[in-house]
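below: sequence and its predicted model.
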Amino acid sequence: MSKNLVIVESPAKAKTIQKFLGADFEVKSSFGHIRDLPKKGMGIDLSSFTPDYEVSADKKKLVAELKSAAKKAEWVWLASDEDREGEAIAWHLAQELKLKPEKTKRIVFHEITKNAILKAVENPRDIDQNLVNAQQARRVLDRIVGFEMSPVLWKKVKTGLSAGRVQSVAVRLIVEREQEIRQFQPTASFKVEGLFLNDDKKEIAAKLKKDFTKESDAEQFLIQAKNTQFKVLNVEVKPGSRTASAPFTTSTLQQEASNRLGYGVTTTMRVAQRLYEEGFITYMRTDSVNLSNDAINAAQHHIVSEFGEQYSNPRNYTTKNSSAQEAHEAIRPTDFAVKSIGDVQLNKLYQLIYKRTLASQMTNAKIEKTVIEIGDNQLPQSFEAQGEVIVFDGFLKVYGVAKSNEEEEESNEKLLPKVKIGESIDYKKITATQKFSKPSARYTEAGLVKKLEELGIGRPSTYAPTIQTIQHREYVDKREILPQEREILKMTLGKKEVKKEMLVEKFGGDKNKFVPTDIGEVVNEFLISHFNEVLDYGFTAKVEQDFDHIASGSEEWKQVLKGFYNNFHPIIQDVEVNAERANGERELGVDPKSGKKVYARIGRFGPMIQIGESDDEEKPSFASLLSTQNIATISLNEALELFKIPFDLQEFEGKAVSVGVGRYGPYVKWGDAFISLGRATDPFSVTQEVAESLIKEKQKADAPVASYKGEPITKGTGRFGPFIKYKDLYVNVPKKYNFDQLTVEEMHELIEAKIEKENNRYIQQWEKEKISIENGRWGPFVKAGKKMVKIPKKENGEKYEAEELKTVSLEMVKKWIEASK
């Protein structure tokens with residue numbers, strides 16, 4: 001048995017570290033936190049704010065193994081990550097494994113390399129209780145907010161909703177941006193651009209310095225320009241430079257990976273985690289731009305040998321963010337000699353980090369800017385052509401500047417022909433094009449991270465989980481916003497006359513950006529109305545600062561929680577008693593057929609339209625909104641159209657055909673078969689021809705591909721991936737099988753395994769009551785309808801064995817179900 005037990009939080013990290021330590025060390029993984037607040041109940045004593053941690057069922061075996069290994073080892077080394085979360089993991093391990101302080105050592109490192117690990121072993125320290133308490137404070141405060149606010153939402157808005165301190169603020173940002181876009185009134189102007197020719201017939205593209213607000217003014221300028229002899233009024237050449245950006249922090253890595261690679265925040269962090277655990281980069285959760293002296297020297301050596309002395313400019317950057325956590329380094333490569341990695345996805349992000357770090361240590365790019373002014377003294381405004389030439393590429397040699405589409409349009413990176421002041425210039429054409437102002441853009445994942453960081457909300461470890469949570473809760477989504485169309489006027493001055501033409505411009509469309517859902521907007525409005533302080537940006541940022549103060553030891557964590565709760569809990573009590581129910585109701589007008597009022601609101605199954613009052617003698621009529629519609633913008637006519645769904649088409653092959661909208665979006669129904677159309681499909685666009693085409697595709701897909709014991713086997717793809725169907729049995733096909741080329745033997749193998757699993761599934765079953773006792777992954781459980789119920793322990797505190805459960809009565813099981821409610 002090894003003398004030293006090292007515990008880290010991930011198997012990949014354990015595998016890498018084991019390579020650097022000798023036979024005297026055994027490295028094991030805790031697979032993240034081994035204990036946490038209980039899943040059921042708040043798990044906090046609110047009189048003292050003491051959390052009641054528990055080891056989850058799936059970690060008990062692991063904890064027993066770690067306890068056993070710790071008892072046999074002479075020394076236990078806790079080597080979880082160096083941030084607050086990692087410190088808390090180490091503390092929980094020490095507490096739960098009952099490790100003796102004199103035999104326990106805490107080691108930290110910000111890169112997984114041999115030198116870093118050996119240096120950490122030589123410099124152990126104690127667990128930093130301040131960092132632990134900062135993590136505990138965040139965990140406890142967020143649990144209190146969630147557990148006290150969520151039931152209020154169930155009662156006042158809709159069951160199943162949740163609220164969270166940071167997630168609710170993130171939703172607020174997205175909702176407010178959407179409201180800003182809806183309220184935005186575009187203003188039109190005319191931008192004038194000219195294409196000129198010098199004496200050598202070389203083209204010069206230039207823009208008028210001022211836009212016109214009126215069509216008549218723009219047209220008058222073009223008429224005036226027709227008879228003008230244009231000249232070069234001025235030529236200005238001036239040197240400039242571009243400076244490299246600092247090395248990556250967590251948020252800037254997430255933003256750049258989104259802009260350059262199209263990665264979501266979660267993907268970026270997953271890939272970065274692998275790069276870190278496999279020893280390629282430093283720790284990926286950091287808000288520091290600092291580089292170690294060793295890293296600066298290594299980068300300098302590489303730059304000089306690869307590009308030459310003139311490209312090297314060693315420097316360190318200072319972190320502007322006053323709330324930057326623990327003194328981490330920026331995200332950088334651990335070895336500049338490693339230029340690429342075999343894994344394609346890992347390599348894409350590694351290249352970004354590698355080049356950004358190198359660029360940060362390189363000289364500025366030198367540019368030469370040229371501005372040519374073209375016009376005539378008789379014209380009210382002159383044209384300006386801008387050009388830019390890179391004289392010395394500097395850091396741009398390894399890391400170019402990424403630009404948006406709009407920035408590309410405005411780009412000055414072009415070489416202008418040589419001209420002299422006073423030289424006559426002829427115009428080729430001059431255009432005045434109508435342009436409309438645009439509202440602020442919707443948030444991308446990277447944009448939201450940037451905004452949260454600017455406001456001081458959240459920390460490097462919280463951005464990705466926050467973004468995941470608000471989507472998982474369906475408060476926001478990234479549905480496609482279809483563009484609208486509008487006409488714009490373009491006037492072109494040729495050599496003879498001004499020609500006018502109307503063009504069609506698309507605007508307002510968006511893809512892969514955050515849009516609030518109806519329920520997200522209703523919840524946000526309710527929370528702002530009743531918990532404005534909790535959702536206040538400044539207040540949320542102050543809470544983060546309190547956590548920072550706890551981490552530095554300048555504030556006591558339970559006092560911070562007490563101060564928060566004493567203000568927060570009375571608001572909860574007041575809202576529970578006095579607040580009205582919220583459903584986002586909006587009156588759209590009157591139904592011309594019935595004369596009844598029409599409302600858009602949140603219902604039991606989501607956003608819907610209601611014709612009539614709830615207390616009318618005749619029950620109201622209801623229709624669900626389409627996924628492309630929302631309560632805030634739907635018109636009366638659009639709402640009334642929804643009541644035409646479902647609608648019938650002509651029969652096909654003797655079976656009725658209809659189009660409807662269900663829980664999972666629009667569908668075509670053919671006989672008893674349902675064919676999903678996809679959420680973004682407009683059901684009114686489904687014609688007889690489209691429906692028949694979809695039915696034929698389904699017939700082809702549902703055709704038997706094989707048989708088992710004389711019964712057909714069919715293939716399909718559902719919500720949870722590819723499957724095969726035999727009788728009433730749906731069998732998921734794992735990724736290890738080639739679904740497109742499944743053999744008959746493989747299908748039989750999958751069916752037999754499923755049948756065997758089903759046979760072992762039930763301990764007892766009462767089909768009429770839809771109640772059963774079943775074997776589960778973590779042991780037996782009761783299933784009542786779709787609800788799973790935990791089996792309570794026996795009176796003596798012991799668990800029921802499977803054999804004992806075979807004789808339990810239905811009455812007893814019903815008592816368990818009732819007690820669970």
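Received the coordinates, thanks. Residues are numbered from 1 along each chain as shown.

could I have the CA atoms of the strand or helix carrying residue 562 written out in CSV?
Here residue 562, judged by DSSP states H and E, is contained in helix 557-578. Output of helix 557-578 as CSV, limited to C-alpha atoms (Å, rounded to 0.1, in the frame of the first residue of the first chain):
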residue,chain,number,x,y,z
TRP,A,557,-19.9,34.5,6.7
LYS,A,558,-22.8,33.7,9.0
GLN,A,559,-23.2,37.4,9.8
VAL,A,560,-23.4,38.2,6.1
LEU,A,561,-26.2,35.5,5.8
LYS,A,562,-28.0,36.9,8.8
GLY,A,563,-28.0,40.4,7.5
PHE,A,564,-29.3,39.2,4.1
TYR,A,565,-32.0,36.9,5.6
ASN,A,566,-33.3,39.5,8.1
ASN,A,567,-34.2,41.8,5.1
PHE,A,568,-35.2,39.0,2.7
HIS,A,569,-37.6,36.8,4.7
PRO,A,570,-40.1,39.5,5.7
ILE,A,571,-40.5,40.3,1.9
ILE,A,572,-41.3,36.7,1.3
GLN,A,573,-43.9,36.7,4.0
ASP,A,574,-45.5,39.9,2.7
VAL,A,575,-45.6,38.7,-0.9
GLU,A,576,-47.1,35.3,0.0
VAL,A,577,-50.0,37.0,1.7
ASN,A,578,-50.6,40.2,-0.3
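
right, and the helix or strand after it?
strand 586-590.

got a list of contacts for that following strand?
596-601, 609, 631-632, 634-636, 639 (CB atoms under 8 Å, 6 or more residues apart in numbering). Every residue, glycine included, has its C-beta placed from N, CA and C.

show me which pair in those is furthest apart.
The most widely separated members of the contacts of strand 586-590, counting by CB to CB, are 596 and 632 (21.8 Å).

report the helix or strand with the lowest average pLDDT across this protein.
helix 405-409 (a mean of 52; mean pLDDT, DSSP states H and E).

which is the next helix or strand following that helix?
Helices and strands here follow DSSP H and E; after helix 405-409, the next one along the chain is strand 424-436.

packing partners of the helix holding residue 562?
helix 129-156, helix 537-552 (3 or more CB pairs under 8 Å, 6 or more residues apart in numbering; DSSP states H and E).

what about residue 193, neighbour count?
14 (other CB atoms under 10 Å).

quick check: which ranges of this structure have low pLDDT?
1-2, 320-327, 401-414 (pLDDT under 70).

okay, which residue is most central for it?
Closest residue to the average C-alpha location of the chain: residue 467 at 4.2 Å, with CA atoms, centre = their mean.

which of the helices or strands spans that one?
Residue 467 belongs to helix 463-472, assigned by DSSP H and E.

pull out the buried positions in that helix.
Neighbour counts using 16 or more other CB atoms under 10 Å place 463, 464, 465, 466, 467, 469, 470, 471 of helix 463-472 among the buried residues.

list the helices and strands the helix or strand just after it packs on?
Going down the chain from helix 463-472, the next helix or strand is strand 476-477, by DSSP H and E. Packed against strand 476-477, as judged by 3+ CB pairs under 8 Å, 6+ apart, are the following elements: strand 515-516.

now do the strand it packs on: distance to the chain's middle.
Remark: strand 515-516 is offset 12 Å from the chain centroid, using CA atoms, centre = their mean, to the nearest Å.

which is the next helix or strand following it?
Heading C-terminal from strand 515-516 (DSSP H and E), you reach helix 518-530.

pull the residues that contact that next one.
149, 153, 156-158, 161, 163, 168, 171-172, 174-175, 178, 470, 474-476, 516, 534-535, 571, 575, 579, 582-584, 602, 606-607, 625, 630-632.
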